[in-house]
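Engineer: dropping a prediction and its sequence here:
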Amino acid sequence: MTGGAFADGVHRLPVRVYYEDTDFSGVVYHASYLRFMERGRTELLRALSVAQSDLHTDDAGLAFAVRRMTIDFRRPARMDDLLEVATRPHEMRGASMILAQEVRRSDEVLVSAEVMVAAVREGRAVRIPDALRRALGQG
């Protein structure tokens, strides 16, 4: 699997649907989309040369936690489909950012989500580092 690519403010990650991602009927189980989108957010950072493990180590335990997520399940994906997870930074605040995400099959949007993540250290919200803000085009 490739880590995708970041261009024109959007990260695009290809994802293949496997048997383990589906329910008994061969349709993608709703929670699998959460994993696909988590991978999209992680690979967005990696594409900007920011590994979450490095943030945790180098920034004294900095991590991101999902604070809120709004999801619209529009159409089902099925086993063996090749999907794309598109992730775009939408809004940056002090300790949080909102990301717009879509899971697509070709040009068809299957799932869309707005995800707010908070930067935390030792269980408390902290300001998102300026270097990461600049890398995301938000600083």
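Structural biologist: Great, that's in hand.

Engineer: identify the residues contacting the longest helix along the chain?
Structural biologist: Of all the segments of type helix in the chain, defined by DSSP state H, the longest one is helix 30-47. Residues from elsewhere that reach helix 30-47, judged by Cβ atoms under 8 Å, 6 or more residues apart in numbering: 3-6, 11, 13, 15, 17, 21-22, 51-52, 55, 64, 69, 71, 73, 83, 85-87, 89, 99, 101, 103, 111, 113, 115, 117, 132. (C-beta placed from N, C-alpha, C; glycine too.)

Engineer: now with 7 Å?
Structural biologist: 3-6, 11, 13, 15, 21, 51-52, 73, 83, 85, 87, 99, 101, 103, 111, 113, 115 (Cβ atoms under 7 Å, 6 or more residues apart in numbering).

Engineer: enumerate the positions of it that are buried.
Structural biologist: Neighbour-count burial for helix 30-47 flags 32-34, 36-37, 39-47 (criterion: 16 or more other Cβ atoms under 10 Å).

Engineer: give me the mean pLDDT for it.
Structural biologist: Confidence for helix 30-47, expressed as mean pLDDT, is 94.

Engineer: cool, stretch 72-87 as well?
Structural biologist: 98.

Engineer: numbering from 619 from now on, please.
Structural biologist: Okay, residue one is now 619; in that scheme the one you just asked about reads as stretch 690-705.

Engineer: so for that stretch, first residue to last residue, what's the gap.
Structural biologist: End-to-end distance for stretch 690-705: 15 Å, by Cα to Cα, to the nearest Å.

Engineer: gap between the residue lying closest to Tyr647 once chain neighbours are set aside and Ala649?
Structural biologist: For Tyr647, ignoring the flanking residues on the chain, the nearest one in space by Cβ to Cβ, 6 or more residues apart in numbering is Asp641 at 4.6 Å. According to Cβ to Cβ, to the nearest Å, Asp641 and Ala649 sit 10 Å apart.
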